[in-house]
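Undergrad: for reference, the sequence and a predicted model appear below.
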Amino acid sequence: MIGYLLSFIILGSVVYSVFAGTPAEISNAVISSGADAVSLVLTLAGSMAVWGGIMKIAERSGITDGLTKILRPFLKLIFRGLKKDSEALRAIAMNVSANLMGLGNAATPLGIEAMRALEREENPGEVATLNMIKLAVMNACSAEIIPATVAALRAEAGSSAPLEILPCVLLVSFASLAVALTVAEVLNIGRKNEL
């Protein structure tokens with residue numbers, strides 16, 4: 001579906017440029033956008049490699065285990081029904097840790113691992129459990145302490161202070177996470193009544 005939508009947008013742009021008499025601008029935009037895209041990919045890849053490496057060092061040195069111990073009491077409140085030594089709880093804590101550091105791409109494999117662990121432990125069948133829904137919500141609305149990817153994009157765009165958005169990111173990300181988790185809980189009340 002997205003392929004059709006993108007094709008329609010590109011085709012519409014080309015047709016419009018022909019009727020508007022600006023095909024040269026389209027050609028220039030295609031060429032310069034390709035160079036910009038490659039530059040952006042290299043910038044993001046470098047940032048992800050650095051932060052992904054830091055995350056791996058943190059994991060091997062035991063820092064993430066320490067962070068997991070700190071986060072475990074809070075996560076037990078959110079993910080009810082999981083045992084204290086649950087593999088899923090550990091994987092969720094690692095995922096949340098990566099998201100808190102703004103490493104969305106590094107957090108993705110950890111989120112997949114956490115979802116698989118939840119699936120093994122809760123055996124949901126065809127319907128996702130509330131804990132699975134909350135994990136998906138937490139990944140979609142990930143609260144960030146260090147917005148590493150956004151900071152890298154801002155630095156690439158020439159910002160003199162790429163982390164000046166930090167207070168706004170903290171406020172908005174934690175507020176959206178709180179609202180999303182609340183909505184998941186409220187909607188689950190109705191779902192329990194249907195089951």
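TA: Here it is on my side, so go on.
Undergrad: distance of Glu156 from Thr43?
TA: According to CB to CB, to the nearest Å, Glu156 and Thr43 sit 5 Å apart. Heads up, the C-betas are built off the backbone N, CA and C, glycines and all.
Undergrad: hmm, I typed the wrong one, I wanted Ala178.
TA: To Thr43, Ala178 is 32 Å away according to CB to CB.
Undergrad: who has more neighbours, these two?
TA: Taking other CB atoms under 10 Å, Ala178 and Thr43 do not tie; Thr43 has more neighbours (15 against 12).
Undergrad: I'd guessed that one sits against Ala152; true?
TA: Yes. Contact criterion CB atoms under 8 Å: Thr43 and Ala152 qualify, at 6.0 Å.
Undergrad: which residues do those two both contact?
TA: Residues touching both Thr43 and Ala152 (CB atoms under 8 Å, 6 or more residues apart in numbering): none.
Undergrad: now the helices for this structure?
TA: With DSSP state H, the ranges of helices along the chain come out as 2-20, 23-61, 63-78, 87-100, 104-122, 130-140, 148-156, 166-194.
Undergrad: let me have the ones you listed in TSV, adding mean pLDDT as columns.
TA: Formatted as TSV, the helices of the chain follow (pLDDT from 0 to 100):
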stretch	mean pLDDT
helix 2-20	85
helix 23-61	78
helix 63-78	80
helix 87-100	82
helix 104-122	83
helix 130-140	87
helix 148-156	78
helix 166-194	80
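Undergrad: so which of those helices is the most packed in?
TA: Among the helices of the chain, helix 87-100 has the highest mean neighbour count (mean count of other CB atoms under 10 Å), at a mean of 23.
Undergrad: hmm, who's touching it?
TA: With CB under 8 Å, 6+ apart as the test, helix 87-100 has contacts from 55, 58-59, 64, 67-68, 71-72, 75-76, 79, 82-83, 104, 106-107, 110-111, 113-114, 117-118, 120-122, 131, 135, 138-139, 142-146.
Undergrad: repeat for stretch 62-76
TA: Met55, Ile57, Ala58, Leu82, Lys84, Leu89, Arg90, Ile92, Ala93, Met94, Val96, Ser97.
Undergrad: from these, pick the one nearest Ser160.
TA: Using CB to CB, Met55 comes nearest to Ser160 of the contacts of stretch 62-76, at 27.3 Å.
Undergrad: was I right to think that closest one contacts Ser61?
TA: No. Using CB under 8 Å, Met55 is not in contact with Ser61, being 10.9 Å away.
Undergrad: per-residue confidence at the residue of the chain most remote from its centre?
TA: In the chain, counting by CA atoms, centre = their mean, Gly21 sits farthest out from the average C-alpha position, at 41.2 Å. What the model reports as pLDDT for Gly21 is 78.
Undergrad: what are the phi and psi values for it?
TA: Main-chain dihedrals, Gly21, degrees, to the nearest 10: phi 80, psi 30.
Undergrad: what's the spacing between it and Ser33?
TA: With distances taken as CB to CB, Gly21 is found 21 Å from Ser33.
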